[in-house]
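Undergrad: Based on what follows, work out the 3D shape:
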Amino acid sequence: MFVRGSRLMIAALALFALSACETKPTVQKLPEISFADKRPITLNVGQLEIVPEYQSPGKRPNVEHLMPISPEAATVRWAQDRIRPMGRTGAARVLIKDARVVEVALKTDKSFTGMFKEEQAERYDAVLDVAIQILDDRHFPIADVLARATRSRTVPEGVSLNERDRVMLEVTDALIRDIDSQMEGLIKSYLSRWVAE
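TA: Okay, the predicted model is just below:
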């Protein structure tokens, strides 16, 4: 009886020691997307509104809900950092019209020779449409501009979760920086009468 109990104790200790040796995957700290270092665009309006019109289906092939920072979240941050209301009446409304990222499975070589190739397995197609409307004191739109950015990136077979997250963050960052660049020009060209220097 004592021998059997000792064996069970040794087996339990061995399992505990093995489980302690397992290494958990390191969760990487990704940089945040911010525009706080850029000079805000000051508009002669009383308030800023941010309206997400795009509704994510929350399931594949759409993957924006799985991203470390979604295009929608990056756009909200962009609007808060870059658009500064400095007037008394009216509003600037930032509309997030589209913020989808779709995962597309790519055809890979399933033959014997395919085992010796590292092929691209998925592609991420991303679209970000952002509009800015100027609203009068009755809250009616009186002027607007629209910027659109698109990106596509592929990832190889066997990509780690950390590597996939980094690619997804790079997609979001590229989208919102493109929107930022477009919006600077569009606001100066078409909303110049509301720009407060």
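Undergrad: so after the helix or strand hosting Val101, what's the next helix or strand?
TA: Using DSSP states H and E, Val101 sits in strand 91-105. With elements assigned by DSSP H and E, the helix or strand that comes after strand 91-105 is strand 120-135.
Undergrad: Check the offset of stretch 162-176 from the chain's centre.
TA: Going by Cα atoms, centre = their mean, to the nearest Å, the spacing between the C-alpha centre of stretch 162-176 and its chain's C-alpha centre is 7 Å.
Undergrad: before we move on, what about stretch 101-108?
TA: Stretch 101-108 sits 18 Å away from the centroid of its parent chain (Cα atoms, centre = their mean).
Undergrad: Just the buried positions in it, please.
TA: By neighbour count on 16 or more other Cβ atoms under 10 Å, the buried set for stretch 101-108 is 101, 103. Where C-beta positions appear, they are placed from N, C-alpha and C, glycine not excepted.
Undergrad: Quick check: buried residues in the helix ranked longest in the chain?
TA: Longest helix in the chain, counting residues (DSSP state H): helix 161-190. By neighbour count on 16+ other Cβ under 10 Å, the buried set for helix 161-190 is 164-169, 171-176, 178-180, 182-183, 186-187.
Undergrad: Check stretch 46-56 too.
TA: For stretch 46-56, a neighbour-count test (16+ other Cβ under 10 Å) marks 48-50, 54, 56 as buried.
Undergrad: Need the pLDDT of the most centrally placed residue in the chain.
TA: The centre of the chain sits closest to Ser70, judged by Cα atoms, centre = their mean, with a distance of 2.5 Å. On the pLDDT scale, Ser70 is placed at 97.
Undergrad: Quick one, grab the pLDDT at the closest residue in space to it that isn't next to it in sequence.
TA: Nearest residue to Ser70, sequence neighbours excluded (Cβ to Cβ, 6 or more residues apart in numbering): Glu64, at 4.7 Å. Here the pLDDT value assigned to Glu64 is 97.
Undergrad: what does Pro31 give?
TA: pLDDT, Pro31: 87.
Undergrad: How about the contacts made by it?
TA: Pro31 makes contact with Leu169 under the criterion Cβ atoms under 8 Å, 6 or more residues apart in numbering.
Undergrad: Look up how far Ile69 lies from it.
TA: Taking Cβ to Cβ, to the nearest Å as the measure, Pro31 falls 10 Å from Ile69.
Undergrad: same thing with Ala79?
TA: Distance of Ala79 to Ile69, computed by Cβ to Cβ: 14 Å.
Undergrad: Check the offset of stretch 28-38 from the chain's centre.
TA: 12 Å.
Undergrad: Alpha carbons of that stretch, as PDB, please.
TA: The C-alpha trace of stretch 28-38 is given here as PDB (Å, rounded to 0.1, in the frame of the first residue of the first chain):
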ATOM      1  CA  GLN A  28       4.200  41.200 -27.200                       C
ATOM      2  CA  LYS A  29       3.600  44.900 -26.300                       C
ATOM      3  CA  LEU A  30       2.600  46.600 -29.500                       C
ATOM      4  CA  PRO A  31       3.000  50.300 -30.000                       C
ATOM      5  CA  GLU A  32      -0.200  52.400 -29.900                       C
ATOM      6  CA  ILE A  33      -1.400  54.500 -32.800                       C
ATOM      7  CA  SER A  34      -1.400  58.100 -31.900                       C
ATOM      8  CA  PHE A  35      -1.400  61.500 -33.600                       C
ATOM      9  CA  ALA A  36      -0.700  63.500 -30.400                       C
ATOM     10  CA  ASP A  37       2.700  64.600 -31.900                       C
ATOM     11  CA  LYS A  38       1.000  66.300 -34.800                       C
END
